[in-house]
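> after the sequence you'll find the predicted model.
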Amino acid sequence: MTISNRSSLVSFDVDSAVTVLRDVAGDSVHLCVEYDTEDFNILRADQLTLDLYDSEREMVDHFEEVLSYVHVDFMEKDLFEDVFRDAGEVRSFVTFMDHIILVRILVGEEGLFFTVDPDSDVTTLVEMVEEAIE
C-alpha cells in the first residue's frame, strides 16, 4: 500500500514536482510532503516508509512532531542569505544519512520535503524539481 494525495497546501506546483521526481527517480523516491510554517500534507508515502510505523496515524503523529521544528528551515534560509549575501537565494537543504537522503526545497515560506535512496543524484533531482515548479 502507498499513500498518494494531491497538493492542497502550497502555492507552487508541487504536483508537477512529485511527478518529475517519480519519472526521474522512480522507486528511489519514498516520501514527499508539502509544508509551510503551520501545516503539512503527505503527497506520497511508499510501503517502505509506512513500514517504519505501526500505523498511518503513528506516522502522521510523528510528522506533526517534526513540523514543530520546520521553522528552523526558514530561519536557516534567512541566516545563510544574510551571512553569504552575494551567494544568492537559499533554495534547498540536503541531509545525507546512512540509509536515506532528505531533501527540503524552499519557496518562500513553503516547502517540499522528499526522501530518496542514498545513491540518488540529488543535484539533478533538485534541478528538475526547481524547473517543474517555476
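Nice, I can see it.
> can you pull out the helices in the chain?
Taking DSSP state H as the test, the helices found in the chain are 14-25, 47-50, 56-67, 71-83, 122-133.
> contact partners for the residue nearest the centre of the chain?
Residue closest to the average C-alpha location in the chain (CA atoms, centre = their mean): residue 113, at 0.9 Å. Residue 113 sits next to 31-35, 102-104 when contact means CB atoms under 8 Å, 6 or more residues apart in numbering. No exception for glycine: its C-beta is placed from N, CA and C like everyone else's.
> redo that, cut-off 6 Å
The contact partners of residue 113, taken as CB atoms under 6 Å, 6 or more residues apart in numbering, are 33, 104.
> where's it relative to residue 15, distance?
In this view, residue 113 and residue 15 are 15 Å apart by CB to CB, to the nearest Å.
> and among the helices of the chain, the most buried is which?
Compared across the helices of the chain, helix 14-25 shows the largest average neighbour count, a mean of 19 (mean count of other CB atoms under 10 Å).
> let me know how buried residue 9 is, in neighbour terms.
As a burial measure, residue 9 scores 16 neighbours (other CB atoms under 10 Å).
> next, give phi and psi for it.
phi -130, psi -50 (degrees, to the nearest 10).
> per-residue confidence at the residue located most distally from the centre of the chain?
Taking CA atoms, centre = their mean as the measure, the residue most remote from the mean C-alpha position of the chain is residue 86, 26.0 Å away. Note on residue 86: pLDDT of 90.
> do the same with the one 10 residues further on
In the predicted model, residue 96 carries a pLDDT score of 97.
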